[in-house]
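Engineer: please find the sequence and the predicted model below.
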Amino acid sequence: MRFLHTADWQLGMTRHFLNGEAQPRYSAARRDAVAGLGALVARTGAEFVVVAGDVFEHNQLAPREISQSLEAMRAVGVPVYLLPGNHDPLDAASVYTSALFLAERPENVVVLDRAGVHEVRPGLQIVAAPWRSKAPTTDLTGDVLADLPADGVTRIVVGHGGVDVLDPDKDKPSLIRLAAVEAALARGAVHYVALGDKHSLTEVGSTGRVWYSGAPEVTNYDDIESDSGHVLLVDIDEQDPQRPVRVGSERVGRWRFVTLRRDVDSDREVADLDINLDQLGDKERTVVRLALTGSLTVTAKAALDACLDKYARLFAALTVWERHTDIAVLPADGEFDDLGIGGFAAAAVDELVATARSDADGAEDARAALGLLLRLVDTRGAA
Ligand SMILES: [Mn+2]
């Protein structure tokens, strides 16, 4: 038997840093990743899909988002089991009990709205641990495992949230206790544990049976989620009493969120950065965050600004990570000698250079003014 394990679709997520027209494309890509599971199902013969929580970004979604999401799930073509997570808990305001969701839910979409056993077919069950609030006070997954018998039924656990062995705050009451999960596996009551919440593909423990699939499409920069963009293809041999499991990952995500850290201390290093950015493919689906440090002449800083302006138009977003960026701008000797100006204007430039080199209050403004002056001169020359 074969099925797909995915999680953290967070449909309806917006990213404030995306360029205006990139935001709807990013939202569409997240739905496309869902609808695209249909092709993966057809290719692999997967019997159903489990989504281990955070299907939706939150419970207050625009009607359009709900309808389009359900349409994408319909396209998967096999049963899709949705677990409410911390983003979309089964509370009084739940999306899963909204009139629109109930009216438009396709036949193949099943909400795992009860804690415990859901029959997939005779001999095969899903054991669900849905979230009913954003802050559970117990280990919801551990709770549903406690009384399960080892009776020859194949069971797939679908849970959501952090696992104690991966969390620095091990005393949080909602954490999933790995020891309890592994005990249920060891006694043969359950055979695979599909987890959601971590957006990077992650194996938990060493049984080979406990996994976070990660999010199918990237949601954050690579320092936070290093390995998103996959779904897991899980095989369980139902003929073998041990129910051996094989887990493979399939890449489905198409967007990338990249952080580039660079020292830029010269024209040449600005040119190198330009080459690096140029070589990144698929720019419309790539978000770049830059952490830049160094000290530049006014000319080199103007070149850097022009470079960033150019790529900001090409990438889905190009942002400067302010917390990790520190560029000092200092006018070099003779940098403003060739402007072809004299008299009053030349005296004003000299004054700006002196201010830019000082610690005075206006130093930052003076550097910006000199940079602008160089860019204007440059533009005029090019015209
Ligand atoms: Mn979550």
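Structural biologist: Alright, I've got the coordinates. Predicted model only: the values in this text are computed from it and were never measured. Numbering: from 1, shown residues only.

Engineer: OK, contacts around the nearest residue to Glu47 once chain neighbours are set aside?
Structural biologist: Of all residues beyond its chain neighbours, the one nearest Glu47 is Phe3 (5.4 Å), with distances taken as C-beta to C-beta, 6 or more residues apart in numbering. C-beta here means a position set from N, CA and C on the backbone, and glycine is covered the same way. Residues in contact with Phe3, defined by C-beta atoms under 8 Å, 6 or more residues apart in numbering, are Ala46, Glu47, Phe48, Val49, Val50, Ile156, Val234.

Engineer: swap in Arg74?
Structural biologist: Contacts of Arg74 were listed using C-beta under 8 Å, 6+ apart, and they are Pro106, Asn108, Val109.

Engineer: farthest pair within the contacts of Phe3?
Structural biologist: When the contacts of Phe3 are compared pair by pair using C-beta to C-beta, the farthest-apart members prove to be Ala46 and Ile156, with a separation of 12.6 Å.

Engineer: what average pLDDT does the helix or strand hosting the residue nearest to Glu47 get?
Structural biologist: Using DSSP states H and E, the secondary-structure element containing Phe3 is strand 2-6. Here the mean pLDDT over strand 2-6 is 98, rounded to a whole number.

Engineer: tell me the helix or strand right after it.
Structural biologist: Past strand 2-6, further along toward the C-terminus, the next helix or strand under DSSP H and E is helix 22-35.

Engineer: after that following helix, which helix or strand is next?
Structural biologist: Past helix 22-35, heading to the C-terminal end, the next element that is a helix or strand (DSSP H and E) is helix 37-44.

Engineer: buried residues, that next one. List them.
Structural biologist: Applying a neighbour-count criterion of 16 or more other C-beta atoms under 10 Å, one finds Leu37, Gly38, Leu40, Val41 buried in helix 37-44.

Engineer: and which of those residues is nearest the ion?
Structural biologist: Leu37 (19.7 Å; C-beta to the ion).

Engineer: what is the neighbour count of the closest residue to the closest one other than its chain neighbours?
Structural biologist: Leaving aside its chain neighbours, Leu37 sits nearest to Val76 (4.8 Å; criterion: C-beta to C-beta, 6+ apart). Val76 has 24 neighbours, counted by other C-beta atoms under 10 Å.

Engineer: which ones are touching Val76?
Structural biologist: Applying C-beta under 8 Å, 6+ apart, one finds that Val76 lies in contact with Val34, Ala35, Leu37, Gly38, Val41, Val49, Asn108.

Engineer: try 6 Å this time
Structural biologist: Leu37, Gly38, Val49 (C-beta atoms under 6 Å, 6 or more residues apart in numbering).

Engineer: quick check, the last one in contact with Leu4.
Structural biologist: To tie it back to what came earlier, the one meant is Val49. Yes: Val49 lies in contact with Leu4 (C-beta atoms under 6 Å); the separation is 4.4 Å.

Engineer: would you say Ala150 is within a helix?
Structural biologist: No: judged by DSSP: H, G, I helix; E, B strand; the rest coil, Ala150 forms no part of a helix; its state is coil.

Engineer: what is the burial count for the closest residue to the ion within the stretch 151-300 of the chain?
Structural biologist: Minimum separation of the stretch 151-300 of the chain from the ion (C-beta to the ion) falls at Asp197, amounting to 3.9 Å. Other residues near Asp197 number 22, with proximity taken as other C-beta under 10 Å.

Engineer: got the contact list for it?
Structural biologist: Asp197 sits next to His160, Gly161 when contact means C-beta under 6 Å, 6+ apart.

Engineer: quick check: it vs Val320, distance?
Structural biologist: As judged by C-beta to C-beta, to the nearest Å, Asp197 and Val320 stand 30 Å apart.

Engineer: ok, and for the longest strand along the chain, which residues are buried?
Structural biologist: Secondary structure of the chain read by DSSP state E shows that its longest strand is strand 286-296. Of the residues in strand 286-296, those buried under the neighbour-count criterion (16+ other C-beta under 10 Å) are Thr286, Val287, Val288, Arg289, Leu290, Ala291, Leu292, Gly294, Leu296.
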